[in-house]
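> Next come a sequence and a model predicted from it.
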Amino acid sequence: MITTDSVRTRFIDEDLAQRVADHWNPVYPAMRRILDTVIKAQRTRETPSRDIAQLELVRRELGQLDRMTFKACTRSDGAFSVHHALSHVHEVLNVTSLGDRDKGAIYRLAGALADVDAHVTEAARAHWSAQCAAAVPAQRVDRGPGGSADSGQTERGGR
């Protein structure tokens, strides 16, 4: 079960974190059930129509996301990743039957995750743009006597 503390980051505020938790917590058991059912059914088939190893990976990483032990890389601390959650929820939707009673709730979760992921992407882009702009000081352009650039100057500074 995720909490707002596990979702909140410098780019995700309390309201967005609450939105993710409100959609995730009731739907996670259904996603787990769907994956368990599909994996079991695929194992009984002579020639599976789905990649069982990929479905097992999705199931394992969804569990890690739910327990906040997911690691995007081996050096990171365990955490909830909106981006990875969205990717895995899409995988669940790909194997969910049309008549499943929880499909609508899973789509709503995917929508909430997509909204938050877009917000994070835009906020991070703005943050890093501001960081880069602050790190690179304005530079004077060497101008010739008439106020225009020296036409003999080449890109590397020679003539």
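That came in fine, so what should we check first?
> centroid residue for this structure?
H83 (1.1 Å; C-alpha atoms, centre = their mean).
> Quick check: closest non-adjacent residue to it.
Setting aside the residues directly before and after it, H83 is nearest to D117 in space (C-beta to C-beta, 6 or more residues apart in numbering), at 5.5 Å. For the C-beta atoms, the positions are set from N, CA and C on the backbone; glycine is no exception.
> For the one you found, give me the backbone phi and psi.
Dihedral pair for D117: phi -60, psi -40, per degrees, to the nearest 10.
> can you check A79 too?
Backbone torsions of A79, given as degrees, to the nearest 10, read phi -160, psi 180.
> So what pairs up with it in the strands?
For A79, the beta-bridge partners are F70 (DSSP bridges).
> and the gap between it and L98?
A79 sits 34 Å away from L98, taking C-beta to C-beta, to the nearest Å as the criterion.
> Flag every buried residue along stretch 21-39.
Buried residues in stretch 21-39, defined by neighbour count with 16 or more other C-beta atoms under 10 Å: 21, 23-24, 27-28, 30-31, 34-35, 38-39.
> For H88, grab the count of nearby residues.
Look at H88: counted by other C-beta atoms under 10 Å, it has 23 neighbours.
> Same check on T69?
Going by other C-beta under 10 Å, the residues that sit close to T69 add up to 13.
> Adjust the sequence numbering to begin at 43 for everything that follows.
Yes, from this point I'll number from 43; that puts the last item at T111.
> can you tell me how far it sits from L104?
Remark: distance between T111 and L104 (C-beta to C-beta) = 12 Å.
> quick one on the thing from earlier: between A121 and L140, who's got more neighbours?
Neighbours were tallied for A121 and for L140 using other C-beta under 10 Å; the higher tally belongs to A121 (16 against 5).
> my guess is that one meets R109, correct?
No: under the criterion of C-beta atoms under 8 Å, A121 makes no contact with R109, lying 10.6 Å away.
> Run a quick neighbour tally on R87.
Neighbour count of R87, defined by other C-beta under 10 Å: 10.
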